[in-house]
Every structure is written in structure tokens, then in C-alpha cells.
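**Q** 3D, please:
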Amino acid sequence: DPAEASPSVVFENIERCSPNCLQMLLENISGLTLDADFTVELIPEINVAVATFIKSIDTKEFIEKCSQHKRVREFKMTTRLLESTQSIKAENLPDSVSTDYLTVYFESARNGGGPVSDVQIFPEENSAIITFCDHKGNT
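**A** As a prediction, this is how the structure comes out:
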């Protein structure tokens, strides 16, 4: 069901395509505009980009268009829906942050959160893994 599909699409094997080229390619394929209709987050450590559509589109149909697109194939990129997860990683946290603070922060509806089941802090990395009771509270 397209209404249930994730608004985010993962592009893998992006090393042959510059960030600007990828953004223009997505605009060409989708007919939409960067920033107004979608955003792109690059994750160079794992050679991936995630396009998140602000404007409602059929992301499954978009993935099908991408898989058939000449340039996407030339760049040897693959696309898939971003799967739901129950955990997120928070980075660049202050040294003094507490488990209780992070729990309350990520449970705040104002912050797009939901019920938190676990928080693991990694002080040496100034990061934490926050696990939600369900995948809806991790936007």
C-alpha cells in the first residue's frame, strides 16, 4: 500500500555520483524540487544517500522509475525504501547529558518522539542509542 510506504528512499553505491549530480538526478526523475519537495542526506561513511519526500509521492513507483533510469544504472546505484527502525543514534551530545534527560527529550511529542524503552549512552563518543517502544516515535 503506497500510503504505508516510507517517505524516504535509500540510494546505495553513490560514490560515482557527486552530491550536486545526485540532487539534479532526483529532481529530473521525480519532477520535484530539492528543499521544497524533498531533502537529501548524504552518509558518505557507508556510501549512501537518503532522499526524504516532504511532498507526498508514491515512493514505490519512484523506486521503480529510478531502477529503470539510464543514469542511475550507469552510476550503478541501487534504491530501496528506508525501513522503519526502533532505534536511533544521537551524536554530539554534551558530556553532562543523562539517560533521564534523553528519555524525556525523545518522549516529547513536540520533538516528534514517542515512548522510549531504552537509552544507552556512550560517553567516549558523545553519543547514545535511543530505542523506542515502536517505530513511529523516531522521526
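
**Q** As a check, name the ranges of all helices in this structure.
**A** Using DSSP state H, the helices found in the chain span residues 19-30, 59-68, 70-74, 99-107.

**Q** Now do Asp100 against Leu93, distance only.
**A** 13 Å (CB to CB, to the nearest Å). From N, CA and C alone the C-beta is placed, and that goes for glycine too.

**Q** again with Phe106
**A** For Phe106 relative to Leu93 (CB to CB), the value is 12 Å.

**Q** Compare the two and say which is more crowded by neighbours.
**A** Phe106 (22 against 16; other CB atoms under 10 Å).

**Q** Could you tell me how far the more buried one is located from Ile29?
**A** Phe106 sits 34 Å away from Ile29, going by CB to CB.

**Q** Please apply the same query to Leu22.
**A** Note on Leu22: its distance to Ile29, by CB to CB, is 11 Å.

**Q** cool, and Asn20?
**A** Counting by CB to CB, the gap from Asn20 to Ile29 is 15 Å.

**Q** shouldn't Thr131 be in contact with Ala90?
**A** No - counting by CB atoms under 8 Å, Ala90 is not a contact partner of Thr131; they are 11.6 Å apart.

**Q** of the helices of the chain, which approaches Pro44 most closely?
**A** Evaluated over the helices of the chain, closeness to Pro44 peaks at helix 19-30, with 9.2 Å, by CB to CB.

**Q** pLDDT averaged over that closest one - what is it?
**A** Per-residue pLDDT over helix 19-30 has a mean of 96.
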